[in-house]
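Participant: fold the following, please.
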Amino acid sequence: MVSNFEQFVLSVKKTSDLSKLTFLFAETPFGQMPVLYVDGTPIAQSGAIFRYLAREFKQCGETSLEQAHVDMFAETFGDCFIKLPFMEKDPEKKVHWLCLLLASAVIKINRHKTV
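Facilitator: Here you go, the predicted model:
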């Protein structure tokens, strides 16, 4: 399992916090988050991170069909992210939409779970 893990959370709440973002452009492959560092090597893009971790923890399926189902579930959550209301200013509405999207994804996955 995971023997050494460190989580770094970036929070930018004020204009003065923007200086924290400079490391993104210098230290990450595409100047964006998320990034997973493995033995000092960065892996960018959530889909690539998801697939890397699935392979590392033997959760990616043994057959092509099982692997396709894992990809299908991952893409379902990716679809949720794309649909998030990023421009919504009201935090309660954001949380509401996030809950609806995630609940919808879980229902879909449970309905089609075959792996």
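Participant: can you list the weak-confidence ranges in this protein?
Facilitator: The chain contains residues with pLDDT under 70 at 1-5, 10-21, 23-24, 112-115.
Participant: rerun that using 80 as the cut-off
Facilitator: Low-confidence segments of the chain (pLDDT under 80): 1-28, 31-33, 73, 76-88, 102, 105-106, 108-115.
Participant: please enumerate the helices of it.
Facilitator: Using DSSP state H, the helices of the chain run over 22-27, 46-56, 64-82, 91-112.
Participant: got the contact list for residue 51?
Facilitator: 60, 71, 74 (C-beta atoms under 8 Å, 6 or more residues apart in numbering). Using the backbone N, CA and C atoms, a C-beta is placed for each residue, glycine as well.
Participant: by neighbour count, which of those residues wins?
Facilitator: residue 60 (19 neighbours; other C-beta atoms under 10 Å).
Participant: spatially central residue for the protein, please.
Facilitator: Central residue of the chain (C-alpha atoms, centre = their mean): residue 46, 4.5 Å from the mean position.
Participant: so who does that residue touch?
Facilitator: Residue 46 neighbours (C-beta under 8 Å, 6+ apart): 34, 78, 81.
Participant: ok, back up a step: need the helices of the chain in CSV with distance to residue 39, can you?
Facilitator: Formatted as CSV, those follow (distance: least, C-beta to C-beta, whole Å):
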stretch, distance to residue 39
helix 22-27, 16
helix 46-56, 12
helix 64-82, 24
helix 91-112, 32
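Participant: out of those helices, flag the one nearest residue 9.
Facilitator: Evaluated over the helices of the chain, closeness to residue 9 peaks at helix 22-27, with 13.2 Å, by C-beta to C-beta.
Participant: pick the one among the contacts of residue 46 closest to residue 109.
Facilitator: Nearest to residue 109 among these, with distances taken as C-beta to C-beta, is residue 78, at 12.7 Å.
Participant: how about that closest one: what's its closest non-neighbour residue?
Facilitator: Distance criterion C-beta to C-beta, 6 or more residues apart in numbering; nearest residue to residue 78, sequence neighbours excluded, is residue 47 at 6.6 Å.
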